[in-house]
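got a structure for you, letters missing:
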Ligand code: STR
């Protein structure tokens, strides 16, 4: 009798284990729990997923915004075999980024980002792990040490603004593509912070950097087919070839800077981001904590990739916002005029703008906020991944789901913004012309939570100072015979601005002043 019940028990246990194994196999193959409330899904087919239902639009942020009409503001689809949830509403976005920030702090691995970051050894595209947390903390403290709040940083930005204004003066009244100048300004600021060096106009290293950076922006992390179907790598692929080439050039440049820093390293003089990362690495190794150092991955690769991130992000994001700001200033001469009037009365012509003027120039600040609203730098942020089974609102989200925050929808939500497609800095001001803290909670230009942009403060300082310097001296117009800049934008890892020419006019008040003095 006892034997029989023992056997039954054993059989029960075996069946339970088998059941559990089968269940987890079925779940990992995309099986769904019977009573769970999953987000509404676009139709999908085996292998291709929902791709056939997505092909009509070339711009994913606009397409995902449109799809709300049919599927509501939280829906799912399949990119090949990957389950993706699209979030178009600020309440859900905040639940993902803030309330459940750690649960959704994962990142997907893709062919292109793996190539760029040596399999996720960076901060932006690396998934959530002890090593990621450690690196992010390091960068955060290094950035606040050399940047934010430090007078030195303001000096660096002002120096670059002065050099930019000098070039613009030299090219006054002729059709000029301002993009390379704006990019050089942003590059030199981040170069000073990362490497303590900078580039003169036309420097070949700078020109090659412009090229490789553009190549990376054009090809990385935009859910191209090879990211959705990694097996496509076996076929010749133009984009992938270009990305590999660009990454090679970038890596050689980073490696050179890194070795120079390693050779010249001195514990008592930590001057830039590389020094700070090297110091952390050496400290760890000297204290015989190499086991820890292995665990948190403070390898040469990690340092290089982290610097590559900060450098790439510092250049591409700031330059993009500046280009959008210039494009909108040309489209809206009345906005430009108001910015200039504010600068003229609050600063005048006897001195240059400084960070302490920020609170005195609410209209400029409101314009910057409006630019970041209407053309967010990263309209889909970077995709998040659910680290465990979780939920968003009343919907079940399975572990491994990719969660895309559609910042475009959030910044163009008609329930939150009046005429969201209209460019209007006044929406950030009250009736007395003072900045309103937050006209709508539906505004997240830098993301939020554990993955919030590490460079937010630096970016805001740069954008404010560069624009204040430019508009104090110049009026920007369309050159005769040219059309207005295209405001549509081209989707990529940043929302790119199409090339356009500007006529830079030196304002009357500056005509007799030689900027070189
Ligand atoms: C730009 C090109 C480059 O050389 C290196 C990088 C890595 C970091 C990326 C950057 C890119 C584009 C903008 C990103 C940034 C990390 C954070 C930033 C994606 C690809 C944004 O989220 C907008």
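All right, it came through fine. Fair warning: this is a prediction, and the values are worked out from it, not measured in the lab.

give the contact list for the closest residue to the ligand within the stretch 301-450 of the chain.
Taking C-beta to the nearest ligand atom as the measure, the stretch 301-450 of the chain has residue 312 as its residue closest to the ligand, at 2.1 Å. The way it works is simple: take the backbone N, C-alpha and C, and place the C-beta from them, glycine included. For residue 312, the contact set (C-beta atoms under 8 Å, 6 or more residues apart in numbering) comprises 213, 216, 250.

Mind pulling the model confidence for the last one?
According to the prediction, residue 250 has pLDDT 95.

any idea how far the ligand is from the residue nearest to it when sequence neighbours are not counted?
Nearest residue to residue 250 in three dimensions, chain neighbours excluded: residue 212, at 5.1 Å (C-beta to C-beta, 6 or more residues apart in numbering). Noted for residue 212: a distance of 7 Å to the ligand, by C-beta to the nearest ligand atom, to the nearest Å.

Let me see the contact set for residue 212.
Residues in contact with residue 212, defined by C-beta under 8 Å, 6+ apart, are 245, 246, 247, 249, 250.

Of the contacts of residue 312 - the most surrounded one?
residue 216 (24 neighbours; other C-beta atoms under 10 Å).

Give me the phi and psi for it.
phi -70, psi -50 (degrees, to the nearest 10).

ok, longest helix in this protein?
helix 300-331 (DSSP state H).

which of the residues in that helix are buried?
302-330 (16 or more other C-beta atoms under 10 Å).

and if you look at stretch 259-276?
261, 270, 272, 273, 274, 275, 276.

Let me have those residues in CSV, extended by distance to residue 208, secondary structure and pLDDT.
Formatted as CSV, those follow (distance: C-beta to C-beta, whole Å; DSSP: H, G, I helix; E, B strand; the rest coil; pLDDT from 0 to 100):
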residue, distance to residue 208, secondary structure, pLDDT
261, 20, helix, 93
270, 28, coil, 85
272, 21, coil, 87
273, 21, helix, 88
274, 20, helix, 91
275, 24, helix, 90
276, 26, helix, 88
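
If we go by neighbour counts, what in the helix or strand harbouring residue 249 is buried?
Element membership for residue 249 (DSSP states H and E) is helix 238-264. Across helix 238-264, burial judged by 16+ other C-beta under 10 Å covers 239-240, 243, 246-247, 249-251, 253-254, 257-258, 261.

Skipping its backbone neighbours, what lies nearest the residue nearest the centre of the chain in space?
Nearest residue to the geometric centre of the chain (C-alpha atoms, centre = their mean): residue 378, 5.3 Å. Excluding its sequence neighbours, the residue lying closest to residue 378 (C-beta to C-beta, 6+ apart) is residue 494, at 6.2 Å.

same thing with residue 101?
residue 449 (3.6 Å).

Quick one: mean pLDDT for stretch 307-323?
Per-residue scores along stretch 307-323 average to 95.

give the contact list for the closest residue to the ligand within the stretch 51-200 of the chain.
Distances between the stretch 51-200 of the chain and the ligand by C-beta to the nearest ligand atom are smallest at residue 124, namely 3.5 Å. The contact partners of residue 124, by C-beta under 8 Å, 6+ apart, come to 117, 309, 313, 382.

Was I right to think the second one contacts residue 118?
No: judged on C-beta atoms under 8 Å, residue 309 makes no contact with residue 118 at a distance of 11.5 Å.

Using JSON lines, lay out the contacts of residue 312 together with distance to residue 230.
Converted to JSON lines, the contacts of residue 312 look like this (distance: C-beta to C-beta, whole Å):
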{"residue": "213", "distance to residue 230": "25"}
{"residue": "216", "distance to residue 230": "19"}
{"residue": "250", "distance to residue 230": "22"}
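
Name the residue of the stretch 401-517 of the chain that lies nearest to the ligand.
residue 493 (4.6 Å).

what's the burial count for that residue?
Residue 493 sits with 25 neighbouring residues when counted by other C-beta under 10 Å.

State the phi and psi torsions of it.
According to degrees, to the nearest 10, residue 493 has phi -60, psi -20.

Name the SS class of the residue nearest to it when sequence neighbours are not counted, please.
Using C-beta to C-beta, 6+ apart and skipping residues adjacent in sequence, the residue nearest residue 493 is residue 221, 4.7 Å away. Reduced to three states with DSSP: H, G, I helix; E, B strand; the rest coil, the structure at residue 221 is coil.

The one 10 residues further on too?
When the structure is reduced to helix, strand and coil (three-state DSSP), residue 231 reads as helix.

sorry, back to before: quickly note the distance from the residue nearest to residue 101 to residue 105.
Per C-beta to C-beta, to the nearest Å, residue 449 is found 8 Å from residue 105.

repeat for residue 117
Taking C-beta to C-beta, one finds residue 117 at 16 Å from residue 105.

These two - which one has more neighbours?
Shown here are residue 117 and residue 105; by other C-beta under 10 Å, residue 117 has more neighbours (26 against 21).

So that one is in contact with residue 127, correct?
No: if you go by C-beta under 8 Å, residue 117 and residue 127 don't touch, sitting 10.8 Å apart.

and the closest residue to residue 303 other than its chain neighbours, what is it in contact with?
Nearest residue to residue 303 in three dimensions, chain neighbours excluded: residue 277, at 4.7 Å (C-beta to C-beta, 6+ apart). Going by C-beta under 8 Å, 6+ apart, residue 277 touches 138, 139, 142, 298, 303, 306, 307.

hang on, residue 110 packs against residue 219?
No: using C-beta under 8 Å, residue 110 is not in contact with residue 219; the gap is 11.5 Å.

The two - which one has more neighbours?
Neighbour count, other C-beta under 10 Å: between residue 110 and residue 219, residue 219 has more, with 25 against 22.

For that one, give me its contacts.
Contacts of residue 219 by C-beta under 8 Å, 6+ apart are 112, 239, 240, 242, 243, 246.

pLDDT score assigned to residue 23?
In this model, residue 23 carries a pLDDT of 47.

switch to numbering from 44
Sounds good: first residue 44 from here, last item residue 66.

Please list the residues of the protein that sit near the ligand.
By C-beta under 6 Å from any ligand atom, the residues of the chain that approach the ligand are 167, 256, 259-260, 263, 293, 351-352, 355-356, 359-360, 420-421, 425, 536-537.
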